[in-house]
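Enquirer: Sequence and predicted structure below; questions after.
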Amino acid sequence: MPVAADSVDGYSMNQALLTTSSPTFAGLTLSGGTASTLAYLNASKAFTSLANGSGYLLNDGSGGLSWAAIDTTSLVARDGTRELTADWDVGAFKITAGSYRVSGDLGYFALRTNKTVLYSPADGVLDLRRSTYAQTFRVMGIYVDETNYETTFIRSTATAGEIGTKKGAAGGTARPLDFKVDDILRAQIDTSGNIKHLGLNSQSTNFQQATVVVTTTAAGTATATNLIPAGSMVVGVTCRNTSAIAGDALTGYNVGDGANADRWGANVSPNINETTDLTDAVVLTPVIFTAATSVVLTQVGGTTFTAGGTVRVTVHYISLTAPAT
């Protein structure tokens, strides 16, 4: 129903007007608000037109919603034409000023100032480099901290390029290094350094080693019992004296398999750190052992060793694994 004007140029509103009502006010003007401001309860109750505007509603931090123009100067363009700037150094997305740059055809992206840098020196090329410092790229298996983890890494050193696995000093398990073709295992280096070359049906040629330290006693021989596995083709046996070898009138020792006393070495020097290789072999062909066999060291020049001498004996051999299917 119409209402009469009061004495202060205002209008007396119908007290029966409810929040569920839908009244129409022709020619109603609200004043007292500020430009570009939409205020809500407990603010100024002022409204202004939002129609045909260009911008967005912004919480002004004091209980109001302000209409602000859109500023794209600090945004990353999807076509890659705009750099990251210090404006990104806020909130959950934080990059410390000076530690990054994405720019131009020879641009780079740096993480941790002067620490790790990704470069793209040419199309389709990505470098991980930092001056003369060697770089490492790690893919973690598990990670608790820098002492408890498992990782596969690619790195360059001053002398070589390296691919490998590693575990933390305080936790993690040493893992083999697998090489796959079309996601099928074709070669493996196990945690002892043995190498498998696998075929289509999981058959494999295995290049292996077995090693043990033999300690001499007061006897004419010292034995690495069954060090040669059954079903192995022994390429050779090598030795290193980890202590000096002594004995009555001893001049050295032979390295053999019991049946052939000097197959892999004759009168080897007894001095500490003396080593043997294939140049010391007397029998010049590999041999296949169908049963487990011992490597036997035999005293030369006298009759017995002195107890306590130590020799690291290593068998280098090839074994075969039949197809699984």
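Expert: All right, it came through fine.

Enquirer: where are the low-confidence patches of this protein?
Expert: 1-60, 63-114 (pLDDT under 70).

Enquirer: how is it carved up into domains?
Expert: For the chain, whose domains are defined here by automatic domain parsing, the residue ranges read 37-68, 136-175, 209-321.

Enquirer: Return the most buried member of those.
Expert: domain 209-321 (a mean of 17; mean count of other CB atoms under 10 Å). Quick note: C-beta positions are derived from backbone N, CA and C, even for glycine.

Enquirer: before we move on, back to that, right, and the domains of the chain - which one's nearest residue 116?
Expert: domain 136-175 (9.5 Å; CB to CB).

Enquirer: Minimum distance to residue 185: which of the domains of the chain has it?
Expert: Of these, nearest to residue 185 by CB to CB is domain 209-321, at 12.7 Å.

Enquirer: What is the end-to-end distance of the closest one?
Expert: End-to-end distance for domain 209-321: 16 Å, by CA to CA, to the nearest Å.

Enquirer: if we can go back for a sec, take the domains of the chain and write them to CSV, including distance to residue 117.
Expert: Below are those laid out as CSV (distance: least, CB to CB, whole Å):
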stretch, distance to residue 117
domain 37-68, 36
domain 136-175, 13
domain 209-321, 41
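
Enquirer: who wins for proximity to residue 186 among those?
Expert: Evaluated with CB to CB, the domains of the chain place domain 209-321 nearest to residue 186, the distance being 13.8 Å.

Enquirer: which other helices and strands contact the helix or strand hosting residue 144?
Expert: Element membership of residue 144 [criterion: DSSP states H and E] is strand 136-145. Other elements packing on strand 136-145 under the criterion 3 or more CB pairs under 8 Å, 6 or more residues apart in numbering; DSSP states H and E are strand 148-156.

Enquirer: which other residues reach the strand it packs on?
Expert: Residues outside strand 148-156 that contact it (CB atoms under 8 Å, 6 or more residues apart in numbering): 134-143, 161-168, 170-173, 175, 177.

Enquirer: What's the first helix or strand after that strand?
Expert: Criterion used, DSSP H and E; the element after strand 148-156 is strand 161-167.

Enquirer: The next helix or strand after that next one to strand 148-156, inter-axis angle?
Expert: The helix or strand immediately downstream of strand 161-167 is strand 177-181, counting by DSSP H and E. Calculated by axes from the mean of the first three to the mean of the last three CA atoms, to 10 degrees, strand 177-181 forms an angle of 60 degrees with strand 148-156.

Enquirer: Which strands and helices lie in contact with strand 177-181?
Expert: On the basis of 3+ CB pairs under 8 Å, 6+ apart, strand 177-181 makes packing contacts with strand 161-167, strand 184-189.

Enquirer: List the pairing partners of that strand within its sheet, with orientation.
Expert: strand 184-189 (antiparallel) (DSSP bridges).

Enquirer: Go through the partner strand and flag the buried ones.
Expert: Going by neighbour count (16 or more other CB atoms under 10 Å), the buried part of strand 184-189 is 188, 189.

Enquirer: got the angle between that strand and strand 161-167?
Expert: 80 degrees.

Enquirer: I would like the residues contacting strand 184-189, please.
Expert: By CB under 8 Å, 6+ apart, the surrounding residues in contact with strand 184-189 are 176, 177, 178, 179, 180, 195, 196, 197, 198.
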